[in-house]
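Engineer: How does the following fold in three dimensions:
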Amino acid sequence: LWNASGSALPALAALASVPLLISTLGVEGYGIVTIVSSVIGYFAVLDINLSAGAIKYLAESHEENDHIRFSETFWFGALFYGLLGFIGSVAIFFGSPAIVRELFDMSATVRDNTILALRVGAIGFGMAQVQSYLIVVPQALQRYDRSAQSEAFFGVLVNIISVLAALAGAGVVGVIAVRVLVSAVNVAYLCYLIRGMELSLSFRFPRKDVRIALTSFSAYAYLSKLASTLHQHGDKLIIGALAGPSALTFYTVPVTLSSRILGLTYRLSSVIYPRASALAASARMNELRQIYLSAMRYITYINLVALGMIVLAGEEFLRRWVGDAFVTKGYPILVLMTVALLVDSLTNIPSLVNDALGHPNISGRFALLRGIIGVGLVYIGTLTYGIVGAAISHLIGACILSACFLIYVHGRTVPIRLIDAMKDGAGRSLIVGLFVFGLLFPIKWWLPTGLYQTALIMILGLITLTIAGFVFIVSVNERAEFFAFTRRLRS
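Structural biologist: Numbering: from 1, shown residues only. The predicted structure follows:
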């Protein structure tokens with residue numbers, strides 16, 4: 001729960017800030033902010049995901065009271081991310097004119113403003129790399145309460161400060177500048193937090209075996225990191241280059257809504273990773289099987305309910321959130337991308353268990369393939385049908401690659417047959433959820449549009465989905481435990 005809370009509050013703050021930023025910066029201005037964020041985010045491909053190995057070896061060294069190895073591991077990561085941040089910042093700063101002029105079709109005024117914003121953001125890239133590494137120290141020590149508090153506070157603060165800067169008339173450059181400032185304060189706070197943990201962190205240059213262990217462990221994880229970067233930022237850069245900043249805004253806003261919600265449920269599913277690792281180490285495969293099927297069933301149903309409710313209330317929500325213009329242009333994107341994200345989410349639990357059983361190369365390769373093919377499809381779709389084509393391309397890529405991954409890992413790296421995973425896991429949730437939504441959507445189209453009608457269909461949907469989940473998704477034993485618990489409360 002601490003792990004999920006670290007992203008929940010920033011997600012809500014980010015959603016609340018979108019309409020205010022659009023109203024103050026304009027549709028084009030918000031698109032430029034998105035372009036700057038995506039360009040800076042794309043430079044994260046330089047990161048070999050060393051933080052994944054750092055968490056593992058920092059935790060082991062701390063458990064074994066090996067202060068020397070702990071210090072060497074910490075400083076190897078700190079030196080790496082410090083150097084990475086410096087190189088990336090310099091590359092973005094001096095490469096900004098070429099990036100903007102070659103990739104984006106803008107007027108001279110907008111182009112100059114975007115270049116300046118990118119150069120300011122270049123400093124933020126360096127801060128972000130150091131920040132992303134320092135946060136792994138409390139996580140490695142299983143102090144998720146401290147790391148989540150930091151993520152939540154600064155995640156909310158950056159959105160509040162961004163809105164205040166926009167309202168004060170600071171423009172795109174001002175918004176980017178205050179975000180960089182918040183990132184710098186976040187780094188300072190994390191240094192203070194780590195120092196207060198009284199760890200042995202006197203500087204030690206890492207030995208060769210420490211360097212090799214960290215880099216080799218992180219190598220396959222880098223494939224997933226690279227694929228994630230392609231997936232998160234590639235489509236936005238392509239749309240910004242081919243369709244312009246305004247079209248990018250109409251695409252980004254609905255995508256932000258659905259992806260933020262799905263990000264919260266992914267944090268819930270990620271707890272299966274250490275559990276699966278422990279069960280596999282003790283050869284308790286029958287127990288792993290039951291946990292796997294239960295996690296697939298529950299997480300899939302939660303994802304389906306959350307994303308389905310977004311689609312159900314999407315038109316009215318977009319109208320109230322960002323205005324009527326986004327209903328016409330944004331709602332089709334919301335529907336298509338929500339379905340694509342739902343299909344993608346079916347691979348989350350299998351991927352985590354696959355990695356826990358020692359096969360990160362498989363998930364890494366599939367993730368990279370998903371990223372490369374996805375970017376190619378988005379380019380073709382954007383050229384053909386604009387932002388709707390980009391969303392359709394995402395859906396096609398998700399269906400093809402997710403199906404291939406699920407077919408490949410089940411019965412191989414995940415010791416459960418696909419037919420069993422569908423029958424007792426995700427398949428049951430999909431059938432139940434889609435059946436309920438199949439009943440709800442005709443009612444939605446029959447009702448007149450409006451806030452009260454949307455509230456009515458959402459209440460009806462939540463009640464129906466809760467009852468259906470309790471009857472068909474919750475197991476017989478779990479229902480018996482629930483009834484026994486309620487009887488104890490009454491007595």
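Engineer: For the rest of this, base every contact and every neighbour count on C-alpha atoms.
Structural biologist: Fine.
Engineer: All the helices of the stretch 251-400 of the chain, in order from the start?
Structural biologist: Here the stretch 251-400 of the chain has its helices, by DSSP state H, counting those that start in this stretch, at 272-281, 285-321, 325-345, 348-356, 360-409.
Engineer: can you tell which of these is closest to residue 213?
Structural biologist: For residue 213, the closest of these is helix 360-409, at 15.5 Å, according to CA to CA.
Engineer: Now do the buried residues in the following helix or strand past that closest one.
Structural biologist: Heading C-terminal from helix 360-409, the first helix or strand you meet, by DSSP states H and E, is helix 418-424. Across helix 418-424, burial judged by 16 or more other CA atoms under 10 Å covers 418, 421-422, 424.
Engineer: so how far is residue 10 from the residue positioned nearest the centre of the chain?
Structural biologist: Centroid check for the chain by CA atoms, centre = their mean gives residue 263 as the closest residue, at 4.6 Å. Distance of residue 263 to residue 10, given as CA to CA, to the nearest Å: 11 Å.
Engineer: Just give me how far stretch 78-95 sits from the chain centre.
Structural biologist: On the basis of CA atoms, centre = their mean, to the nearest Å, stretch 78-95 sits 23 Å off its chain's mean C-alpha point.
Engineer: scratch that, stretch 360-368 is what I was asking about
Structural biologist: Distance, centroid of stretch 360-368 to centroid of chain: 17 Å (CA atoms, centre = their mean).
Engineer: hmm, who's touching stretch 425-440?
Structural biologist: The contact list for stretch 425-440 (CA atoms under 8 Å, 6 or more residues apart in numbering) reads 293-298, 300-301, 304-305, 308, 346, 421-422, 457, 461, 464-465, 468-469, 472-473.
Engineer: let's see 10 Å
Structural biologist: By CA atoms under 10 Å, 6 or more residues apart in numbering, the surrounding residues in contact with stretch 425-440 are 290, 292-305, 308-309, 312, 346, 418-423, 443, 457-458, 460-461, 464-465, 468-469, 472-473.
Engineer: Going by neighbour count, which residues of that stretch are buried?
Structural biologist: Buried residues in stretch 425-440 (16+ other CA under 10 Å): 425-430, 432-433, 436-437, 440.
Engineer: between the residues you listed, which is nearest residue 316?
Structural biologist: Using CA to CA, residue 440 comes nearest to residue 316 of the buried residues of stretch 425-440, at 15.8 Å.
Engineer: In which helix or strand does that closest one reside?
Structural biologist: Residue-wise, residue 440 maps onto helix 426-446 under DSSP H and E.
Engineer: got a markdown table for the buried residues of stretch 425-440, with distance to residue 195 and pLDDT too?
Structural biologist: Formatted as a markdown table, the buried residues of stretch 425-440 follow (distance: CA to CA, whole Å; pLDDT from 0 to 100):
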| residue | distance to residue 195 | pLDDT |
| --- | --- | --- |
| 425 | 45 | 89 |
| 426 | 44 | 91 |
| 427 | 48 | 91 |
| 428 | 49 | 90 |
| 429 | 46 | 93 |
| 430 | 48 | 93 |
| 432 | 51 | 93 |
| 433 | 48 | 92 |
| 436 | 52 | 91 |
| 437 | 51 | 90 |
| 440 | 54 | 89 |
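Engineer: Columns distance to residue 40 on top of those, output as a markdown table?
Structural biologist: Listed next are those as a markdown table, based on distance: CA to CA, whole Å:
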| residue | distance to residue 40 |
| --- | --- |
| 425 | 39 |
| 426 | 36 |
| 427 | 39 |
| 428 | 41 |
| 429 | 38 |
| 430 | 37 |
| 432 | 41 |
| 433 | 38 |
| 436 | 42 |
| 437 | 39 |
| 440 | 41 |
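Engineer: Turn the helices of the stretch 251-400 of the chain into JSON lines, including mean pLDDT and distance to residue 255.
Structural biologist: Formatted as JSON lines, those follow (pLDDT from 0 to 100; distance: least, CA to CA, whole Å):
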{"stretch": "helix 272-281", "mean pLDDT": "70", "distance to residue 255": "27"}
{"stretch": "helix 285-321", "mean pLDDT": "88", "distance to residue 255": "11"}
{"stretch": "helix 325-345", "mean pLDDT": "89", "distance to residue 255": "6"}
{"stretch": "helix 348-356", "mean pLDDT": "86", "distance to residue 255": "19"}
{"stretch": "helix 360-409", "mean pLDDT": "91", "distance to residue 255": "9"}
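Engineer: Residue 252: which of these is closest?
Structural biologist: Nearest of those to residue 252, taken as CA to CA: helix 325-345 at 8.8 Å.
Engineer: Taking the buried residues of stretch 425-440 together, which two end up most distant?
Structural biologist: Going by CA to CA, the pair spanning the buried residues of stretch 425-440 furthest: 425 and 440, at 23.5 Å.
Engineer: Which positions in stretch 187-195 come out as buried?
Structural biologist: Within stretch 187-195, the residues scored as buried using 16+ other CA under 10 Å are 187, 189-190, 193-194.
Engineer: any chance of those residues in JSON lines, plus secondary structure and pLDDT?
Structural biologist: JSON lines is the format used below for the buried residues of stretch 187-195 (DSSP: H, G, I helix; E, B strand; the rest coil; pLDDT from 0 to 100):
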{"residue": "187", "secondary structure": "helix", "pLDDT": "90"}
{"residue": "189", "secondary structure": "helix", "pLDDT": "91"}
{"residue": "190", "secondary structure": "helix", "pLDDT": "89"}
{"residue": "193", "secondary structure": "helix", "pLDDT": "87"}
{"residue": "194", "secondary structure": "helix", "pLDDT": "85"}
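Engineer: who's in contact with residue 140?
Structural biologist: Residues near residue 140 by CA under 10 Å, 6+ apart: 51-52, 54-62.
Engineer: how about 6 Å then?
Structural biologist: Each residue near residue 140 by CA atoms under 6 Å, 6 or more residues apart in numbering is listed here: 55, 59.
Engineer: mind checking how far it is from residue 426?
Structural biologist: The gap separating residue 140 from residue 426 is 31 Å, by CA to CA.
Engineer: Would you mind naming the helix or strand containing residue 172?
Structural biologist: Secondary structure from DSSP H and E places residue 172 in helix 171-196.
Engineer: Got the phi and psi for residue 112?
Structural biologist: In terms of degrees, to the nearest 10, the main-chain angles of residue 112 are phi -60, psi -40.
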